[in-house]
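Enquirer: Sharing a sequence plus its predicted fold:
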Amino acid sequence: MITSCKKKHLPMKQLKNILTITVALFIGFTIGYYKKISELLTNKPVPKVIQHQKDDSPISIKMYNTIREKSREYQIPTYIAFNIAYLETRYRGPFDSKYNPALISSVGAVGPMQLRESTAEFITKRDIDNEQLKNDISLNVEISMKLLKYLYDRYGSWEIACSYYNTGKAKKNSFGSYCVENVDYTYKWENYNKTIFTP
């Protein structure tokens, strides 16, 4: 005797529940993924896994981590610190794969934040040479933040502090104006997507 074999189908309600759970898990995973990445570009602490990649991580990531760390330490507004990095060496964020911090200007300013040897020694009260300023991102950025803090404490104005940083004169100029007015400092960043990331 041949008996008919009917396929068993899941009830429509159960199928909907399974589909809902699957979609929810997918959305949850996606949001979690983008949240982790967005933390890299927000005011939240940079994940430890990135903080500890000091030797192997790209220069643009090292620069990003160092600016955020040192600007907090010396109470420099984040946007001002990144604006100076952009104006001095055209730094355009953690995904700026072509970034070169080892620059020397026509007046002898060196490294990612373009510091002169004499200025670095004045701020640190110790001997600093151009090779250190050119090759040590952390040192260069830290001295830069110390200098900005010193200038702000002296003049009480971020615009004058930034202008002095650029020219050595306590007189407002376009450099200082850009630093304080360009609050949306990420808009020129390389491969930066505002629909995903928050500055």
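Expert: Okay, I see it.

Enquirer: quick one: low-confidence ranges for the chain?
Expert: Counting by pLDDT under 70, the chain contains low-confidence ranges at 1-55, 192-199.

Enquirer: Show me the strands in it, by range?
Expert: Read by DSSP state E, the chain holds no strands at all.

Enquirer: List the contacts of the closest residue to residue 130 other than its chain neighbours.
Expert: Leaving out its chain neighbours, the residue that sits closest to residue 130 by CB to CB, 6 or more residues apart in numbering is residue 110, at 5.0 Å. No exception for glycine: its C-beta is placed from N, CA and C like everyone else's. Shown in contact with residue 110 (CB atoms under 8 Å, 6 or more residues apart in numbering): 103-104, 116-117, 130, 133-134, 140.

Enquirer: make it 10 Å
Expert: Counting by CB atoms under 10 Å, 6 or more residues apart in numbering, residue 110 touches 101-104, 116-117, 120, 128-135, 140.

Enquirer: before we move on, what about residue 113?
Expert: 63, 66-67, 70, 81, 84-85, 87-89, 91, 101, 133, 137, 140-145, 147-148, 165.

Enquirer: And residue 185, by the same measure?
Expert: 77-86, 93, 178-179, 199.

Enquirer: Over to residue 139?
Expert: Taking CB under 10 Å, 6+ apart, we find residue 139 in contact with 66, 111, 115, 120, 124, 128, 132-133.

Enquirer: Pick the one among those residues closest to residue 157.
Expert: Nearest to residue 157 among those: residue 115, at 20.9 Å, using CB to CB.

Enquirer: can you tell me how far the closest one sits from residue 97?
Expert: Going from residue 115 to residue 97 by CB to CB, to the nearest Å gives 24 Å.

Enquirer: Pick out whichever of these two has more residues nearby.
Expert: Set residue 115 next to residue 97 and count neighbours by other CB atoms under 10 Å: residue 115 wins out with 26 against 11.

Enquirer: thought that one was touching residue 133?
Expert: Yes - Residue 115 is within contact range of residue 133, at 5.5 Å (criterion: CB atoms under 10 Å).

Enquirer: Return every residue with contacts to both of those two.
Expert: Residues touching both residue 115 and residue 133 (CB under 10 Å, 6+ apart) are 109, 139-140, 143-144.

Enquirer: Mark which of the residues you listed are buried, thanks.
Expert: Buried members of the shared contacts of residue 115 and residue 133, scored by 16 or more other CB atoms under 10 Å, are 109, 139-140, 143-144.

Enquirer: quick one: which of these sit in helices?
Expert: Here DSSP state H is the test, and these give 139-140, 143-144 as lying in helices.

Enquirer: Between all of the buried ones among the shared contacts of residue 115 and residue 133, which two are at the greatest distance?
Expert: Across those, the longest distance by CB to CB is 14.6 Å; it joins 109 and 139.

Enquirer: one step back: of the shared contacts of residue 115 and residue 133, closest to residue 58?
Expert: When these are compared for distance to residue 58 (CB to CB), residue 140 wins out at 16.8 Å.

Enquirer: Done for today, thanks.
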